[in-house]
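Chemist: Here is a sequence together with a model predicted from it:
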Amino acid sequence: MRPTPALAVALAAMMLVSMTIGAASVDLVHAFGDPRTMLVLLESRLPRTLAVALTGAALAVAGVLIQALVRNRFVGPDTAGTAEGAALGLLAITILWPASPLWLRMVAASVSAMATTALFIAIIRRLPVREVMLVPIAGLVLSGVLGSVVTFIGWQTDLMQYIGTWLFSGEFSGVISGRYELLWIAGGAAVLAWFAADRFAIIGLGDQVATGLGLGTRAVLRLGLAVVAVVTAMVVTTVGMIPFVGLVVPNIVARIMGDNLRRTLPVVALSGAVLVMACDLAGRLVIHPYEVPAGLILGGVGSVLFLWLLYRRPRHG
Amino acid sequence: MIRIDGVSHRIGKAPILHDITTHLPEGRLTALIGPNGAGKSTLLRLIGRLEPLQQGRVSVAGRDIAATPTEDLARVMAILGQQTSIASRLRLSELVGFGRWPHHRGRPTAHDHARVAEALEAFALTPMADRFLDEVSGGQAQRAHIAMAFAQDTDWLLLDEPLNNLDMAHARALMGRLRDLVDRQGRSVGLVVHEINYAAAWADHVIAMKDGRIVAEGSANEVLTEDVLSDLYDAPIAVASHQGRPLVLHHV
Amino acid sequence: MDKRGLSILLALAACLLLCAGLWMFQGLGGGNRGFILSLRASKLAALVVVAFAIGVSTVLFQTVAANRVLTPSIMGFDALYVLLQTLLVASLGTAGFASLPPGPKFMAEIALMTAMASLLFGVLLLKGSRDLPRMILTGVILGVLFRALSSFVGRILDPNAYAVVQSVSFASFNKVQPGLLPFAAAITALACLAAWRLAPRLDVLALGRDPAVSLGLRHRGTVLQVLALIAVLVSVSTALVGPVSFFGLIVAGLAHGLMRSTRHAALLPAAALSGAILLVGGQWLFERVLDQGATLSVVVEFAGGLFFLYLLLRGHIR
């Protein structure tokens, strides 16, 4: 079975299930005759379903990009300080200009996410090349340090509640129509990455190869950074951080299909959407009618998958 | 005498040693030789209980290593493994000082300090005794590790490729010192060597290994012959004679 | 110990006394002196206990892992403790859990933690030591897993269990439960004493596995013994103030820098004392001078994290 259609079918099926689950019971077949049901579907269920799929797909693609940029399989947008950077930017603009318009806040979050990701890349470029495992450790610690800065400022300015929703176990229960559309920007950024897929694949081979093939590495690096930062910033500010998607999905896809990004990126995006969708569904079903955040479930599932990858792969994989 | 009886060993699924039975004679300098991956280091590490025995028996001077408390073994044999990078920042004198630990268990006496000074002197380390390990050259650090095993003052000394990082003069001096230990102090030495001419010039007893099996063993003159060596290394090797001992011409 | 080491330890002790004096008596107004003094004394005791627990456990862990940039918390020890605590609450029910007397309950938690940590980290350290960075990464990810599981169990089973998880998920030097303090202090004192008695063997352990075995150290047994001590100490500090990831790194780094020795008989007291000076002095500075009582934990973590990155870039992790 080819992966793309199979994943697409699985995703579509889960999206249908996602439309029917919730506090109010919904009958899809008769929905068109019932304006109240239609309202629930269009205002709450459909936005939520779309938000989950977009988040999963965009984060998985961002994971592929950052792994190509730093040439290390054990990093993701959630372990490179990117999420904390977005939160930091958002916090800064909220404090400096409380009345700032939404678009400006998003720009601030994205720019700051980009700056911290660039800082991460600068740090790991100085690490010894052979030490594959040091890179994720450096990323996790950098995330921790930035996180403590965000927490500190949050405490001082009584914005702790506000911050909590960004940094800790993201969830989709608050998504309704009008409050998730920024995620389309993340989706758009991921599509943009697909057009430059070959460039990222070449960057992943190393600076020397890229230069030898006449590719300007700096421009590609900047493009990659921008995509990763925009995706992460949009996700963090709308639903909070969803861990491990960007880390494990690219790894699993690369194991099966290799690293020809033009071929694999759609599969990565679909798999990311399927994974997050599955976790969101599980979170909604396990203590129905209450919810467990999808981010929390991914924290558990993702770390187990990651440990499996860590011990399945040869060390310098 | 070190007796090795029916020892087999695997790492994961890969077999490393196949049913090895042999001995290292007492009061002799024994060299383990063979191509890469022959299992020499594994055998030495098994004798020195650095790896747990999976199958078979090993006894050192009559003591079964599986049944003898490790602290007692440390007063009978000293083993120096190949990997000698140490995380803590130690002065050379401190490192060599640890060689006396099996005897004093944390409370060194004047006698212990004297033996440490002797070991430092023996390996020409006294002038740099107060320098840190990461401040000296690889060869000097290697000599410090050997001095530590030497300071342990045991009947048996097992060394895994002790000549690594040593220049010609220090390598020869080390072999001379080991020879001296055997001839004058009645100790016994077992070592893995890569440069076969050190075995040819200094060893009493040679054990040749290949693919986890023993191919030949005996005196240097018996084992280091053209036939055995050409077979052992899968390459034609000529052997000449120099002052009554074999001289292996493997480099031409 | 040489003269220099001894005089540094004495100076550290004097400095700690000075900080403790400042903490106890500075700004002691007219009002209810007895009450204020007893309040301050219990907080002082808590800070010192925590500092000793973190300092000693970090030095022990760095020795057993043969690495200078690790702390038990980076490897997920405290997350394991929080998970075990959550599971206890979940299996006994909040009412049953709350009705247990704090002392025996604490002892039971510590016993469970010691067993689990020795098992888990024993396997990890004894089997994984050949690929150090992978072992570290495993510990870090296990920490993430334990935290997610605690949160998950808390959310699914019981809002009260969740409150327990929340209360131990963030470090704060301000929330010590006075009921635990006598037990915590006694256990810490015993564990520190045991560590100090192990000092000569720890010196040998620090050489790495091969040399230690060659010198006749019972390597496996010693590693497990040390892990058990670490588990006890981490339980104490996590129960008192919550998870503290990087503070131990600063303290152990200070101890190594000050003593310029690898003898644990000198390192362990130096780490404990300098940790206590930092915590007591720091808390005094932030609470009384800067009027920011809650800030110390954040500052300590921030500085510790930067110190970690610095060590990493200097190539000290290998």
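Modeler: Okay, I see it. Numbers count the residues shown, from 1 in each chain, chains lettered A, B, ... in the order given.

Chemist: C-alpha from now on. contacts and neighbour counts both.
Modeler: Will do.

Chemist: can you count the residues close to whichever residue of the stretch 1-150 of chain B sits closest to chain A?
Modeler: Nearest to chain A, among the residues of the stretch 1-150 of chain B, is B:Gly12, at 14.2 Å (C-alpha to the nearest C-alpha). Applying other C-alpha atoms under 10 Å in any protein chain shown, we find 7 residues neighbouring B:Gly12.

Chemist: Kindly report the same for A:Arg312.
Modeler: So A:Arg312, with other C-alpha under 10 Å, has 10 neighbours.

Chemist: avg pLDDT for stretch A:222-236?
Modeler: The average pLDDT within stretch A:222-236 is 86.

Chemist: Go ahead and measure how far that stretch is from the middle of the chain.
Modeler: 9 Å (C-alpha atoms, centre = their mean, to the nearest Å).

Chemist: So which bits of it are buried?
Modeler: A:223-236 (16 or more other C-alpha atoms under 10 Å in any protein chain shown).

Chemist: Can you tell me the element the closest residue to B:His104 other than its chain neighbours falls in?
Modeler: Closest residue to B:His104 apart from its sequence neighbours, by C-alpha to C-alpha, 6 or more residues apart in numbering or on different chains: B:Asp112 at 7.8 Å. Using DSSP states H and E, B:Asp112 falls within helix B:110-122.

Chemist: now swap in B:Val248 and tell me
Modeler: With DSSP H and E as the test, B:Val248 turns up in strand B:245-249.

Chemist: packing partners for that strand?
Modeler: With contacts defined as 3 or more C-alpha pairs under 8 Å, 6 or more residues apart in numbering or on different chains; DSSP states H and E, strand B:245-249 has these neighbours: helix B:196-202, helix B:220-223, strand B:238-242.

Chemist: Could you export these to TSV, including columns for mean pLDDT, mean neighbour count and distance to A:Leu285?
Modeler: Output for the helices and strands packed on strand B:245-249, formatted as TSV (pLDDT from 0 to 100; neighbours: other C-alpha atoms under 10 Å in any protein chain shown; distance: least, C-alpha to C-alpha, whole Å):
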stretch	mean pLDDT	mean neighbour count	distance to A:Leu285
helix B:196-202	90	20	70
helix B:220-223	88	18	74
strand B:238-242	87	13	78
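
Chemist: between these, which gets nearest to C:Val59?
Modeler: helix B:196-202 (43.3 Å; C-alpha to C-alpha).

Chemist: So for residue 214, what's the pLDDT?
Modeler: By default, I'm working from chain A. 66.

Chemist: actually chain C
Modeler: So C:Ser214 comes in at 88 (pLDDT).

Chemist: And the strand or helix carrying C:Leu87, what does it pack against?
Modeler: Following DSSP H and E, one finds C:Leu87 within helix C:77-99. Other helices and strands packing on helix C:77-99, by 3+ C-alpha pairs under 8 Å, 6+ apart, are helix C:102-128, helix C:132-157, helix C:159-167, helix C:219-241.

Chemist: pull the CA atoms of that helix into PDB?
Modeler: The C-alpha atoms that make up helix C:77-99 are tabulated as PDB, following Å, rounded to 0.1, in the frame of the first residue of the first chain:
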ATOM      1  CA  PHE C  77      15.300  11.700  39.200                       C
ATOM      2  CA  ASP C  78      13.000  14.400  40.500                       C
ATOM      3  CA  ALA C  79      10.400  13.700  37.800                       C
ATOM      4  CA  LEU C  80      10.400  10.000  38.900                       C
ATOM      5  CA  TYR C  81       9.800  11.100  42.500                       C
ATOM      6  CA  VAL C  82       6.800  13.300  41.400                       C
ATOM      7  CA  LEU C  83       5.400  10.400  39.400                       C
ATOM      8  CA  LEU C  84       5.700   8.000  42.300                       C
ATOM      9  CA  GLN C  85       4.000  10.500  44.500                       C
ATOM     10  CA  THR C  86       1.200  10.900  42.000                       C
ATOM     11  CA  LEU C  87       0.800   7.200  41.700                       C
ATOM     12  CA  LEU C  88       0.600   6.900  45.500                       C
ATOM     13  CA  VAL C  89      -2.100   9.500  45.700                       C
ATOM     14  CA  ALA C  90      -3.900   7.900  42.900                       C
ATOM     15  CA  SER C  91      -3.800   4.400  44.300                       C
ATOM     16  CA  LEU C  92      -4.600   5.300  47.900                       C
ATOM     17  CA  GLY C  93      -7.200   8.000  47.100                       C
ATOM     18  CA  THR C  94      -6.700  11.500  48.200                       C
ATOM     19  CA  ALA C  95      -8.500  11.000  51.500                       C
ATOM     20  CA  GLY C  96      -6.500   7.900  52.300                       C
ATOM     21  CA  PHE C  97      -3.300   9.700  51.300                       C
ATOM     22  CA  ALA C  98      -4.000  12.800  53.400                       C
ATOM     23  CA  SER C  99      -4.900  10.800  56.500                       C
END
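
Chemist: Quick check: buried residues in that helix?
Modeler: For helix C:77-99, the buried set under the neighbour-count rule, 16+ other C-alpha under 10 Å, comprises C:77-90, C:94, C:97.

Chemist: Next, the angle from that helix to helix C:219-241.
Modeler: 60 degrees (axes from the mean of the first three to the mean of the last three C-alpha atoms, to 10 degrees).

Chemist: and helix C:77-99, what's its mean pLDDT?
Modeler: 76.

Chemist: Kindly report the same for stretch C:117-137.
Modeler: pLDDT averaged over stretch C:117-137 gives 74.

Chemist: Equivalent analysis for stretch C:19-29, please.
Modeler: 81.

Chemist: I'd guessed C:Leu137 sits against A:Gly139; true?
Modeler: No: under the criterion of C-alpha atoms under 8 Å, C:Leu137 makes no contact with A:Gly139, lying 11.2 Å away.

Chemist: So B:Pro123 sits against B:Ala149, correct?
Modeler: Residue B:123: Phe, not Pro. No: shown here, B:Phe123 and B:Ala149 do not form a contact pair, counting by C-alpha under 8 Å, at 11.6 Å.

Chemist: Tell me which of the two has more neighbours.
Modeler: B:Ala149 (27 against 18).

Chemist: packing partners for the helix or strand containing that one?
Modeler: Assigned by DSSP H and E, B:Ala149 belongs to helix B:138-151. With contacts taken as 3+ C-alpha pairs under 8 Å, 6+ apart, helix B:138-151 sits against strand B:77-80, helix B:92-98, helix B:110-122.
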